[in-house]
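>>> Turn this into a structure:
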Amino acid sequence: MLCHGELLRTFEISVGELLDHSEKSHPIIFQPGQDEVISACTSLFMTLEQRLSDGNNTAALCHPTTLASRDTSALTLKVDAGHCVLARYRRTQNSSDLDQSIKHFERALDLCPMDHPCRPATLFNLANVRFISCQAEGRHLDLDIPISLFQDALDLRPIGHPDRPVTQLHLAIALLSRFAKRGFQTDVDAAEELLNEVLNVSHANSHIHRAALLAIETSALHPAASIDAHDLGQELPAASMLPLSPNQLAHIAARCLRTDDPRALDAVISPHYDALGYYNAMHPCRGQLLNNLSMILSIRFQRRGNAEDLDQAIALEREALALRPVGHTDRSSSLNNLANQLSTRFDHRGNAEDLDQAITLHREALALRPVGNAEDLDQAIALHREALALCPVGHTDRSSSLNNLANRLSTRFDHRGNAEDLNESRENLCCALTLLTQHDPLRLKVHGSFSTVHLSFHRSGLDGTGDPGEDTDSLNAAMHHFKAAANFVPGGLLPRLRASLRWVRHADQHRHSTELEAYGTSMQLMDAYMSATASVSSRHSAMKNFPSTLAVNAASCALRSGDVCRAVELLEQGRTIIWTQMTRLRTPLDSLQTHNDHAAALMKRFRDLSSLLDRPPASHADGTQSVDVEAEDTRYRRFVEDWNRVVEDIRKIEGFSRFLLPPVFADLQESARGGPIIVLVASKSSCNAIIITHTQPPTSIQLPTDFKKLATLVLELQDAIGKDASPKGNQTALTKALRKLWNEVVFPVVENLGGFASAPRGSRIWWCPTSLFNFLPLHAAGEYRANGKSLSQQYISSYTPSLTALMRARRSHDRSPSVPFAAIGQNLPAGASFTLDCVEPELELVRSLLPPPPTISFTKITSVDATKSRALRALQDNTWLHFACHGTQSYEEPFMSAFLMRDQPLSLLDITKVDISRHEFAFLSACETAVGDFATPDEVIHLAAGLQFAGVKSVVGTLWKVNDSTVQRLVEAFYKKLCGDGKMDSGRAARALHQAVLSLVHDKENPIPLDQRIVFIHIGA
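Numbering: from 1, shown residues only. Sure, this is the predicted structure:
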């Protein structure tokens, strides 16, 4: 507001209260005053900045800026006069007051030349009163004038200007008003873009955010021909305080479900929450609202798979059921809805309690139905026919009704084999598909139903040769509809992903020609679906709902077709999805700066959005309002959409066409620059090794084992670790398992490596294991007999979780003249029952073995100081690290795997939040730092891999528990081999570890148990 304006509210607040809210926005909400339907000033947000003076810690409040122009007095008079008569118009509706207000604001604008700081405000004032005048007098042809003025004001308020959102909101409303009368699609497109930007930058509880939401909802609710421009302009402010009626909300929801806009559901959910805040428990509409919102959240869960939506839907349906006691006409419906939702949650999480409750609720719902109304299949079909009769041609629900009837007929065919049912089912689906628009989300379901019917034709032989399983036309048609469903964008990511997985399953079962395409589509959709999930832990939970062997099965499919390069590409695309998405948001783009200003602007936009998406989502206390959580989720999804658009724009720049796309084999082959990489593929159909060299085509070897044998070998190795583990123990079970590993996996690879010039004896090789191979100590395989062969005799083994991770680890960085090295130890973490006596001596041992300053800048953090925050700072500030502490691998939540510090754990999730992209080396002298989880083995989620994905070039970790005596001896031998000559090079770590282990093996006076000799592994470059 320029100058004084109208006094709307006054408030008092102490300086102490202000300081409590410093550094964050503090909402001040005004309730309606006397004779007001709503407050003219709904809310405001302020931020207080604390400024510390030299003398004391008092806060200084900034003084408001004053105008310093000779025209200040005249400008103030004109603007205040304009506001005064405009306020009088609002009370009296006297049109002459509007005219006077326009004249005052026009004269104020004349006093503000182009470079005047107040010109944007005077333009906005004049635009606002002109718009009101157009509405009041019905002169819609004159809307061009206020729109032009609003646009001029917006042009003078760049991104970041505090008044830009309110200007965008008013301009959008004016454009929607013009669209309502003239129907220009460009107006509604521009308005939508403006409103979305307002939603992205405004607080969820603010008046402007709610007004923008309502503007979107109102324009969606009414087509152009029926919008009342006057109502549109007048109702928007009121709607931020007064909710829509349940019937209005239901109407909006119905329209949203028929659109392909993924944001439509988000836009309708928020006003439902607003309405719940208005209609209390005693209001008769509350039950209907709760039920409707629960159903919408269930639908969004089906489309996106966010488990929080399903939990919230169940909570809302429980509340709705409580408002529908025995005797209520809608109780049976609520019972069924809640039972179905609990059953769905059981399918996703396997909690037996949900299933028990669902069965109980279904029984109660059945008991409420009149005797004789039990729905067997014939009755169900009869009812569906009756429902169809109530939806004549032209009815919006006819397609849905046809699809439902077709599904029941198809089910009856499966039970009775009546060809008439299957033929009628297909006819109904043809009609349903014909009636649907090209962008109706229901098309995905119809395609899914079609695929089921065609598979029934294929199995029965009713539509072809007459021989079951010989009708290729029906099989091809089924695959066509699976593909159409998976590629139907308006259907939503989760339904498309599920359709693609059905495609994969049936294409694999029938060895159909589209099998490889189905796998590729599934992995693209999996990646897109996971990227729309806000938190890392949520992504991992979501991964458990899908086949963990998708990538390896895809690779096996490619190998069966003889395409080894494609197999490697599919593995890289379908594995380590969570890590890949995290690293995308930290992609360096410095080379874009050299193109042009547009490229530089895209680079900045990409970095800004990536930074926003890379932040961990806010954790919400139990009392947090649902509308706040919903607003944050909606904002995150919009950021994802904006990020995707920026990525597409970057790909249009020369040289960036494959920016962030899955790498092709020619790029992946670069990872073998330092030596051969062996990718091990374990699927139900076959087990293979793929040898990748830097210059030659990849070689595939079928291994003399299978998935079942591998699973048995993994269990045998796990049982053998620690058994008979005294220094003189033979550890017979372990040597037997390692011998089997040599014969069935490693020896066939070594035999083939001998034919490559790039793999001479004593050189380095890298293992990239998948699936069950992740849990095998490949580096330790051997015959374990007198004069027997072993891998360690011939090659130096390293591991890498993916080829991309290894390429990233090989990037060169500028090195500081003095290497910053931190040794972090903790001998008695929070909750520990005993002290690790070797920790403090180990820290001192490391210090003594490192080169002296200035080669090394050494920091030692002992147990007394090793808190989580102190360790995290050291992790950020030092590019070389040595951890000596307890380590834990969380199998349920692997991102909670952690180094245990004095006060609380330093988790893998904590580590992923810091930038360690220029780090060189980490030695993890802790237990189980390189162990993944069996639920998602190809995500490779453990501490050692996490450090490498985050940017550490070279990491030494452990596969299982390690003894204190082993650690002391191996650490000493390792650092002597690594930097005994005074040089610090992380590329020497693998060879140093290899030589250190061999020195311990050859120490006959102080033998070490076999399981301790092979516990340490090297990961990275």
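>>> hang on, Val504 is in a helix, isn't it?
Yes: Val504: assigned to a helix according to DSSP: H, G, I helix; E, B strand; the rest coil.
>>> Can you name the residues that contact it?
By C-beta atoms under 8 Å, 6 or more residues apart in numbering, the residues touching Val504 are 515, 518-519, 522, 550, 553. Where C-beta positions appear, they are placed from N, C-alpha and C, glycine not excepted.
>>> Strands of the stretch 801-950 of the chain, start to end?
Assigned by DSSP state E, counting those that start in this stretch, the strands in the stretch 801-950 of the chain fall at 819-825, 856-861, 880-884, 887-888, 898-900, 905-907, 921-925.
>>> Parallel or antiparallel, list what pairs with the fourth one.
Pairing partners of strand 887-888, with direction, according to DSSP bridges: strand 898-900 (antiparallel).
>>> just the longest one next, same as before
Applying DSSP bridges to the sheet, strand 819-825 is found paired with strand 856-861 (parallel), strand 880-884 (parallel).
>>> Show the average pLDDT along the longest one.
Over the span of strand 856-861, the pLDDT mean works out to 95.
>>> which parts of that strand are buried?
The neighbour-count check on strand 856-861 (16 or more other C-beta atoms under 10 Å) flags 856-861 as buried.
>>> quick revisit: among the strands paired with strand 819-825, which is nearest Ala672?
Among the strands paired with strand 819-825, the nearest to Ala672 by C-beta to C-beta is strand 880-884 (26.3 Å).
>>> any idea how far the closest one is from the chain center?
Between the centre of strand 880-884 and the centre of its host chain there is 31 Å, according to C-alpha atoms, centre = their mean, to the nearest Å.
>>> relative to strand 921-925, how tilted is that strand?
Per axes from the mean of the first three to the mean of the last three C-alpha atoms, to 10 degrees, the angle that strand 880-884 makes with strand 921-925 is 0 degrees.
>>> Can you flag which of the contacts of Val504 belong to strands?
Using DSSP state E, no member of the contacts of Val504 sits in strands.
>>> so which of those comes closest to Phe834?
Comparing the contacts of Val504 against Phe834 with C-beta to C-beta places Leu550 closest, at 42.9 Å.
>>> so how far is Gln573 from the closest one?
10 Å (C-beta to C-beta, to the nearest Å).
>>> so what sits against both of these two?
Common contact partners of Leu550 and Gln573 (C-beta under 8 Å, 6+ apart): Met523.
>>> that older thread, with distance to Thr472 as new columns, can the buried residues of strand 856-861 be given to me in TSV?
What follows is the buried residues of strand 856-861, written out as TSV (distance: C-beta to C-beta, whole Å):
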residue	distance to Thr472
Ile856	70
Ser857	71
Phe858	71
Thr859	69
Lys860	71
Ile861	68
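>>> just those residues now: which is nearest Met282?
Ile861 (59.8 Å).
>>> so the spatially closest residue to the closest one that is not a sequence neighbour bridges to which residues?
Distances taken as C-beta to C-beta, 6 or more residues apart in numbering place Ile824 nearest to Ile861, at 4.6 Å, with adjacent residues excluded. On the basis of DSSP bridges, Ile824 is bridged to Ile861, Phe883.
>>> Quick one: the helices in the stretch 301-450 of the chain, in order.
In the stretch 301-450 of the chain, the segments counted as helices under DSSP state H, counting those that start in this stretch are 307-322, 331-349, 352-367, 377-389, 398-416, 419-435, 442-460.
>>> which one of those helices is the most hemmed in?
A comparison of the helices of the stretch 301-450 of the chain by mean neighbour count, using mean count of other C-beta atoms under 10 Å, puts helix 442-460 on top with a mean of 23.
>>> before we move on, the earlier item: so who does the residue nearest to Ile861 touch?
The contact partners of Ile824, by C-beta under 8 Å, 6+ apart, come to 861, 866, 871, 874-875, 881-885, 899.
>>> Could you identify the most distant pair in these?
With distances taken as C-beta to C-beta, the most widely separated pair in the contacts of Ile824 is Leu875 and Ala884, at 14.1 Å.
>>> So which of the two has more stuff around it?
Ranked by neighbour count (other C-beta atoms under 10 Å), Leu875 and Ala884 place Ala884 first, with 27 against 23.
>>> contacting residues for the more buried one?
Going by C-beta under 8 Å, 6+ apart, the list of residues near Ala884 reads 823-826, 836, 838-839, 842-843, 846, 925-926, 967.
>>> ChimeraX command for the buried members of these?
Selection of buried members from the contacts of Ala884 for ChimeraX, criterion 16+ other C-beta under 10 Å:
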select :823,824,825,826,836,838,839,842,843,846,925,926,967
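>>> out of the contacts of Ala884, who's nearest Glu106?
Glu106 has its nearest neighbour among the contacts of Ala884 in Ile824, at 69.1 Å by C-beta to C-beta.
>>> how close does the closest one get to Ser863?
Distance of Ile824 to Ser863, computed by C-beta to C-beta: 10 Å.
>>> Is it possible to get the contacts of Ile824 out as JSON lines so that each row also shows distance to Pro441?
Formatted as JSON lines, those follow (distance: C-beta to C-beta, whole Å):
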{"residue": "Ile861", "distance to Pro441": "55"}
{"residue": "Ala866", "distance to Pro441": "54"}
{"residue": "Ala871", "distance to Pro441": "49"}
{"residue": "Ala874", "distance to Pro441": "51"}
{"residue": "Leu875", "distance to Pro441": "46"}
{"residue": "Leu881", "distance to Pro441": "50"}
{"residue": "His882", "distance to Pro441": "55"}
{"residue": "Phe883", "distance to Pro441": "50"}
{"residue": "Ala884", "distance to Pro441": "56"}
{"residue": "Cys885", "distance to Pro441": "52"}
{"residue": "Phe899", "distance to Pro441": "47"}
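>>> Just give the closest residue to Leu265, not the sequence neighbours.
Once flanking residues are discounted, Leu265 sits nearest to Arg300: 5.0 Å by C-beta to C-beta, 6+ apart.
>>> what's near enough to touch that neighbour?
Counted by C-beta under 8 Å, 6+ apart, Arg300 has contacts 265, 269, 306, 309.
>>> Averaged pLDDT, the helix or strand where the first one lies. What do you get?
By that I understand Leu265. Assigned by DSSP states H and E, Leu265 falls within helix 264-278. For helix 264-278, the mean per-residue pLDDT is 74.
>>> Kindly report the same for stretch 84-92.
Rounded mean pLDDT across stretch 84-92 is 80.
>>> chain center to it: distance?
In terms of C-alpha atoms, centre = their mean, the centre of stretch 84-92 is set 50 Å apart from its chain centre.
>>> swap in stretch 491-506?
Taking C-alpha atoms, centre = their mean, the mean C-alpha location of stretch 491-506 is offset from the chain mean by 18 Å.
>>> Restrict it to CA atoms and write it as CSV.
Provided in CSV are the C-alpha atoms of stretch 491-506 (Å, rounded to 0.1, in the frame of the first residue of the first chain):
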residue,chain,number,x,y,z
GLY,A,491,-3.6,-41.9,-16.1
GLY,A,492,-1.1,-41.0,-13.5
LEU,A,493,2.4,-42.3,-12.7
LEU,A,494,1.5,-45.1,-10.3
PRO,A,495,-1.3,-46.7,-12.4
ARG,A,496,1.0,-46.5,-15.4
LEU,A,497,3.8,-48.1,-13.5
ARG,A,498,1.5,-50.9,-12.3
ALA,A,499,0.2,-51.4,-15.9
SER,A,500,3.8,-51.6,-17.1
LEU,A,501,4.7,-54.2,-14.5
ARG,A,502,1.7,-56.3,-15.7
TRP,A,503,3.0,-55.9,-19.2
VAL,A,504,6.4,-57.1,-18.0
ARG,A,505,4.9,-60.1,-16.2
HIS,A,506,2.8,-61.3,-19.1
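>>> Good, we can wrap up now.
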